[in-house]
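# Just need the structure, nothing else, for what follows:
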Amino acid sequence: MSEMRSFIQSCLLDATKAIGKARSAGLTIKVKGRNDRATSADMASEKLIVDRIRKEYPDALVLSEESYEEKHLEADSLFVIDPIDGTHNFMQDIPFWGVSIAHFSGGKPTAGGIYFASQKEFLYAEKGKPATLNGKLISVSKTAKLEDFFLLCDSRLHMIEDMGFMPQVLRIERLSQHTRFMGSAIYEMGYVACGKVDAEIDFKLKPYDFAAAAFIAEQAGATATDFEGKRWSLSTTKFVISNGRQHKRLLDMLNGKE
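Residues are numbered from 1 along each chain as shown. The predicted structure is shown next:
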């Protein structure tokens, strides 16, 4: 096990314990905006991870959901953290939430790990190495036809409508086998990586939402792009991540070309 893998896994597991302690103590909730909440568990998780990074990698910069600064994106050594992805699910005691940590250098991913706490699933990838789930190799699905695709989609339907994409999403939903909404980008992308679903679509993300999960999916064989077909980066906001078999067609449908 590499030093970085050991570090990220340890941080994820200990952050999950800190989240559990914060829940047991009684959550306090901060309202940051429409459909945007942070809990005392988010803050406890973030503090533990950042403190650990400061100790083990003192020269590294940190980008996290509660302390986001875009100027950090091209740093030589950058950790990108989501202390709880799926905070609303967590608040409602719905088990689709997790913790995410990625490391980037010069804007390029070098390592990423996510932990689905309720399922005790640790997904990890490192530059030049395949993605794994609890140490076992994972890969994207082999589903060939869009009509057979199982898709996951951004759950913020009001935003999709406001952005003018609702007709395209409905058309994809009608054509595909199933479309589900999980309320967590790391689950959506992670499940593509594991081959549990065939594609996922997100419409407005920030780096901490996807930094680890998009990298893991790509290392598992996924095609990960923006809506124009450009390979993802920390600046990407709209995502299509798929097994690659119908990626262009999904893009064409989203862009009204089919």
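
# secondary structure element for Asn89?
Using DSSP states H and E, the secondary-structure element containing Asn89 is helix 87-91.

# could you point out which element follows that helix?
For helix 87-91, the succeeding helix or strand toward the C-terminus, using DSSP H and E, is strand 98-105.

# Adjacent strands (with direction) for that following strand?
Here strand 98-105 has these sheet partners by DSSP bridges: strand 78-85 (antiparallel), strand 108-116 (antiparallel).

# Could you give the average pLDDT over it?
The average pLDDT within strand 98-105 is 98.

# what's the answer for stretch 140-152, then?
Averaging pLDDT along stretch 140-152 yields 98.

# same deal with stretch 249-258?
Confidence over stretch 249-258, taken as the mean pLDDT, stands at 95.

# Between the two ends of it, how far is it?
Taking Cα to Cα, to the nearest Å, the span from the opening residue of stretch 249-258 to its closing residue is 8 Å.

# Buried residues of that stretch, list them for me.
Taking 16 or more other Cβ atoms under 10 Å as the basis for neighbour counts, the residues of stretch 249-258 that come out buried are 249-251, 253-254. Bear in mind the C-beta positions are built from the backbone N, C-alpha and C, glycine included.

# could you redo the residues you listed as JSON lines and give each row secondary structure?
Below are those laid out as JSON lines (DSSP: H, G, I helix; E, B strand; the rest coil):
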{"residue": "Arg249", "secondary structure": "helix"}
{"residue": "Leu250", "secondary structure": "helix"}
{"residue": "Leu251", "secondary structure": "helix"}
{"residue": "Met253", "secondary structure": "helix"}
{"residue": "Leu254", "secondary structure": "helix"}
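
# so which two of those are the farthest from each other?
Farthest-apart pair in the buried residues of stretch 249-258 is Arg249 and Leu254; separation 9.7 Å (Cβ to Cβ).

# joint contacts of these two?
Common contacts of Arg249 and Leu254 (Cβ atoms under 8 Å, 6 or more residues apart in numbering): none found.
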